[in-house]
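*Asks:* predicted model follows, preceded by the sequence.
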Amino acid sequence: PITKPSLAADEGALFTKTVSTKSELFFEDEDGNEVQLTSRGMVNAGVPVGSIIAFLPGSFKDGSNGTYTFRLGSANTIAAINTLLNASGWYVCDGSALNLSSSPIFAGSGRYLPNLTTDRFLMGDTVAGGIGGANSSTHTHIGGSHTLTIDEIPSHNHSVGGYDFRGGATHRIKFDTLDTNSRSATSGSTGGGHAHSHGATGKPSDAENRPAYLACFYIMRVV
C-alpha cells in the first residue's frame, strides 16, 4: 500500500511504498513525479534485479590504457569490490553460492552467481543461461604424400646413346649427326616415380584467439 499525504502547490512528500515485498522510500513532487530513494526491491533507478553490468572502479594514467589504478574500494580484488557494493545489492559474478531471503533470485540454498571471472564474455541470444565457447583452440597440421605427375617434375635432359657394331662401343651422339652405323638409340632413365612427403609446420599448443579486451569486474544486482 502507498502511504503519502495529499499535496498542494509547491509541496513535496516522502512516503513508503511496497516493492517486491520490501518497503521502499519514495519522494513525490507537486506534479506527481515519483523518485525511488532506496533500492532493496526489484527496481533501483530503473535497474532490475538480475542485471549484470561491467564495473571498472579505477582509471588509467593516459589515453593509451597505461598503468591502471583502482579508485573505489580498498583493493583491486573481488573481496574488496563485494565489500563496497554488497550493501547496495550488487555482487561480483564469481560463481559464489548465495542464499539471501531478500533476493527474488537467490532466496534458497543451491543457488550460485554466474562465474564471469574465467575470461568469459557475455553474448546476446534468444534465451538466457546458455554457456559455451573457448578462449583458445589446438591447431594440428599433418603432412601427406603425393606422387608427382609429368607436369609436376622439374624440367631436365637425358643422355642418349647409340650402339656401334664395329667396335661395340657406346657413343654419345647428337640427333642431327646420328651415326649411320648405329642401329638403335636408347634414353637413360632418371627418377623412380615414387611418392614423396611434404613436411608441415604448425603450433600444436593452444593458440590465443580472443580479440583485444579490457578486463573488468562483472557485477550482478541480486536484491
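*Replies:* Yep, it's here. This one's a predicted model, so the numbers in the text were calculated from it and none came from an experiment.
*Asks:* which regions of the chain sit below the pLDDT cut-off?
*Replies:* Scanning the chain for pLDDT under 70 picks out 1-4, 19-21, 36, 39-46, 139-144, 158-206.
*Asks:* and the residue nearest to Ser96 when sequence neighbours are not counted, how far from Ile105?
*Replies:* Once flanking residues are discounted, Ser96 sits nearest to Leu113: 5.3 Å by C-beta to C-beta, 6 or more residues apart in numbering. C-beta coordinates here come from the backbone N, C-alpha and C atoms, glycine included. With distances taken as C-beta to C-beta, to the nearest Å, Leu113 is found 10 Å from Ile105.
*Asks:* need the overlap of contacts for those two.
*Replies:* Common neighbours of Leu113 and Ile105 (criterion: C-beta atoms under 8 Å, 6 or more residues apart in numbering): Val222.
*Asks:* neighbour count winner among those two?
*Replies:* Legend: neighbour count by other C-beta atoms under 10 Å for Leu113 and Ile105, higher for Leu113 (20 against 15).
*Asks:* I figured the more buried one hits Leu100, correct?
*Replies:* No - counting by C-beta atoms under 8 Å, Leu113 does not reach Leu100; the two are 11.0 Å apart.
*Asks:* anything in contact with each of these two?
*Replies:* Common neighbours of Leu113 and Leu100 (C-beta under 8 Å, 6+ apart) are 106, 222.
*Asks:* okay, now Ile219: neighbour count?
*Replies:* So Ile219, with other C-beta under 10 Å, has 27 neighbours.
*Asks:* for it, what are phi and psi?
*Replies:* Torsion angles at Ile219 (phi, psi; degrees, to the nearest 10) stand at phi -120, psi 150.
*Asks:* could we number from 39 for the rest of this?
*Replies:* Yep, numbering from 39; the last one is Ile257 now.
*Asks:* quick check: it vs Arg158, distance?
*Replies:* Going from Ile257 to Arg158 by C-beta to C-beta gives 14 Å.
*Asks:* ok, Gly146 next?
*Replies:* Going from Gly146 to Arg158 by C-beta to C-beta gives 25 Å.
*Asks:* between those two, who's got more neighbours?
*Replies:* Neighbours were counted for Gly146 and for Arg158 using other C-beta under 10 Å; Arg158 has more, 15 against 11.
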